[in-house]
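**Student:** Sequence and predicted structure are below.
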Amino acid sequence: MLRRTSFVQEEELTTRGKTVAAALAAAALAVTATGCTSHDKDSPTAVGSSAPAATPTPSLNFQPGAAGIGDPYYPTYGNGGYDVASYAIKVKYDPKTDRLTGDVTITATATSDLSAFDLDLRGMTVQSVEVNEKPATQARTGDELVITPDSGLATGAKFTVRVVYDGVPGSVTDPEVGKMGFFHTADGAFVVGEPESASLWFPVNDHPQDKAVYDVEVTVPAGLTAISNGVPGPQKTEAGWTTWKWSESTPMASYLTTLAIGDYRVVNSTHKGKPVVLGVTKQVAAGAADTSMSHTVAIADYLESVFGAYPFDSYGGVVVKDDDLHFALECQSRPVYSAGFFRRGVNDSVVVHELAHQWFGDSVSVKTWPDIWLNEGFASYAEWLWAEYKHTSTAQKMFDNVYATSDASIWRTPPAKPGKKELFGDSPYDRGAMTLHALRKAVGDKAFFEILKKWAEQKAGGVATTEEFIALAEQVSGKQLDALFQAWLYGTKKPAKP
């Protein structure tokens, strides 16, 4: 994510991102044996629309799944007891009424003996729920949809959940960055937000630990565009409505899902045999935003040279306009940018930042939110690498500038343990980038870029932790790096300049 400091005045665009989720009403829940199992590089993902449940045995002790994964900062985000493999999402949206109707089928595997389980869903009215094509009991507890199937789900059982629902999707508001979630616009809508946005428009296990593949069908009034993640499918227009199909076949964290509905200038092409979909809202005049988007594949190619193979089956980007949107977000294969980032002209830096997240944040996702520097520090450092590549500056000069000018608060806030309040503050971004530069200086360019490529390759499609990154850095470099990482990632004082 990259944030702009203000959309009211014509001031400089920031290169630092911030967002905070809505306050949680529930208390922390411990991770138990009911926790979900994350996908990793070697985990198979089921993409079928249905799967029979294993027959439970009477001796099993069925219990409800936990109402949260137990994240240190957001303990009630996500849910325990099952692992989602795929989402098949069908939604219909009418901008005239702001209403959305949804029909979502989830394919999952029980990771404990479940008598009931939760999905995350904010607002909306649930019309019906089925588990394995049989009616199930449903109840709402705050932002939790509690589902009780007609019989227990044994550990290892594959099962399907179908939820039919409707309503006017909403948003959450943070005093610093404004709205996140489902934005209603004059010509349509769009969805964007971190660490949550998915639960505002479909039922979901809403935490990066439970990545899944997605098929999305969006039906909108004929003449409007509907863009989502992944590879575009065929369009069908019938009775004044057009259905757009999208498929993301690489496991994706739920907050990275997006929709953009409205009147867009869309450029479709291919690059290295993969589709490229670039959309810019017609609410802004053709110009800097379109030019910036046109640089997407060239920037991706450069990043591929330093991070390894581009991790997804499509490229793209979407520029949206809403005065309450204060950030850009790395939505998988299709980053979403506020038009405000291009108000002063072409802005490659924001494109570099969000495309770098395709490797670090999207393909390799955080296991828990305190490790956010693994996303934001890497994407910020990519901006420094791009400056070197374009000969406009060097990573060393940019390091020196941040080191000299950063507010004292950055040194009090460890990027690897920023605290929930500073999760998207300056430390994970700027001090995170400085950590990587300090590592580069300590191990040399050859080892440093080998570390980045191996990290992206070994953790592709999964989740990761700071401890795992440190272990890889020491393995590749052959150096003991405890002192370096303690000072730059965990210390509360300004480290000595490397």
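**Tutor:** Cool, got the structure.
**Student:** Quick check: which element contains the closest residue to residue 337 other than its chain neighbours?
**Tutor:** The spatially closest residue to residue 337, leaving aside those adjacent along the chain, is residue 328, at 4.4 Å (Cβ to Cβ, 6 or more residues apart in numbering). All C-beta atoms are positioned from the backbone trio N, CA, C, and that covers glycine. Using DSSP states H and E, residue 328 sits in strand 327-328.
**Student:** now that strand, how far from the centre of its chain.
**Tutor:** 12 Å (Cα atoms, centre = their mean, to the nearest Å).
**Student:** do stretch 254-269 as well
**Tutor:** Worked out by Cα atoms, centre = their mean, stretch 254-269 lies 15 Å from the chain centre.
**Student:** what about it, average pLDDT?
**Tutor:** The predicted model gives stretch 254-269 an average pLDDT of 98.
**Student:** Buried ones in it, by neighbour count?
**Tutor:** 254-262, 264-265 (16 or more other Cβ atoms under 10 Å).
**Student:** what's near enough to touch the residue nearest to residue 337?
**Tutor:** 1-3, 17, 335-338, 341, 350, 353-354 (Cβ atoms under 8 Å, 6 or more residues apart in numbering).
**Student:** Among those, pick out the one closest to residue 144, please.
**Tutor:** The closest of the contacts of residue 328 to residue 144 turns out to be residue 1 (Cβ to Cβ; 25.8 Å).
**Student:** re the thing from before, relative to the strand holding residue 328, what are the paired strands and their orientations?
**Tutor:** Paired with strand 327-328 in the same sheet, following DSSP bridges, are strand 2-3 (antiparallel).
**Student:** in its sheet, what does whichever helix or strand comes after the strand it pairs with sit against?
**Tutor:** Where DSSP H and E defines the elements, the next helix or strand beyond strand 2-3 is strand 63-64. Sheet pairing of strand 63-64 (DSSP bridges) gives strand 114-120 (parallel).
**Student:** for the record, mean pLDDT for the strand it pairs with?
**Tutor:** What strand 114-120 shows for mean pLDDT is 98.
**Student:** Could you list the alpha-carbon positions for it in CSV?
**Tutor:** Taking C-alpha atoms only, strand 114-120 is exported to CSV below (Å, rounded to 0.1, in the frame of the first residue of the first chain):
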residue,chain,number,x,y,z
LEU,A,114,-16.3,-29.1,13.3
SER,A,115,-19.8,-28.9,14.7
ALA,A,116,-20.0,-25.3,13.4
PHE,A,117,-17.7,-22.7,11.8
ASP,A,118,-17.6,-18.9,11.0
LEU,A,119,-17.2,-16.8,8.0
ASP,A,120,-16.5,-13.1,8.1
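**Student:** List the contacts of whichever helix or strand comes after that strand.
**Tutor:** Sequence order places strand 125-131 as the next helix or strand after strand 114-120, per DSSP H and E. Contact with strand 125-131 is made by 53, 135-138, 140, 145, 147, 149-150, 153, 159-167, 203, as judged by Cβ under 8 Å, 6+ apart.
**Student:** What subset of those is buried?
**Tutor:** The neighbour-count test (16+ other Cβ under 10 Å) marks 53, 136, 138, 145, 147, 149, 153, 159-167, 203 as buried among the contacts of strand 125-131.
**Student:** what pairs with residue 84 across the strands?
**Tutor:** For residue 84, the beta-bridge partners are residue 108 (DSSP bridges).
**Student:** so what's it up against?
**Tutor:** 36, 106-108, 205, 210, 212.
**Student:** Just the pLDDT at it, thanks.
**Tutor:** On pLDDT, residue 84 comes in at 98.
**Student:** which residues of the stretch 101-250 of the chain score low on pLDDT?
**Tutor:** In the predicted model, the stretch 101-250 of the chain carries pLDDT under 70 at residues 174-178.
**Student:** where does residue 311 land in three-state SS?
**Tutor:** coil (DSSP: H, G, I helix; E, B strand; the rest coil).
**Student:** my read: it touches residue 358, true?
**Tutor:** Yes - using Cβ atoms under 8 Å, residue 311 is in contact with residue 358, at 6.1 Å.
**Student:** quick one, which of the two is more surrounded?
**Tutor:** Between residue 311 and residue 358, residue 358 has the larger neighbour count (other Cβ atoms under 10 Å), namely 27 against 19.
**Student:** Quick check: buried residues in stretch 482-497?
**Tutor:** 484-485, 487-489, 491, 495.
**Student:** end-to-end on that stretch?
**Tutor:** This stretch, stretch 482-497, spans 16 Å end to end (Cα to Cα, to the nearest Å).
**Student:** Tell me which residues are up against it.
**Tutor:** For stretch 482-497, contacts defined as Cβ under 8 Å, 6+ apart pick out 373, 403, 411-417, 431, 434-435, 438-439, 442, 466, 470, 473.
**Student:** among the buried residues of stretch 254-269, which are in strands?
**Tutor:** Counting by DSSP state E, the buried residues of stretch 254-269 place 259-262, 264-265 in strands.
**Student:** re earlier: pLDDT check: weakest of the contacts of residue 328?
**Tutor:** Within these, pLDDT is lowest for residue 17, at 37.
**Student:** Strands along the stretch 151-300 of the chain, start to end?
**Tutor:** 158-167, 171-174, 178-184, 189-192, 212-221, 225-227, 231-232, 236-238, 241-252, 259-262, 264-271, 274-281 (DSSP state E, counting those that start in this stretch).
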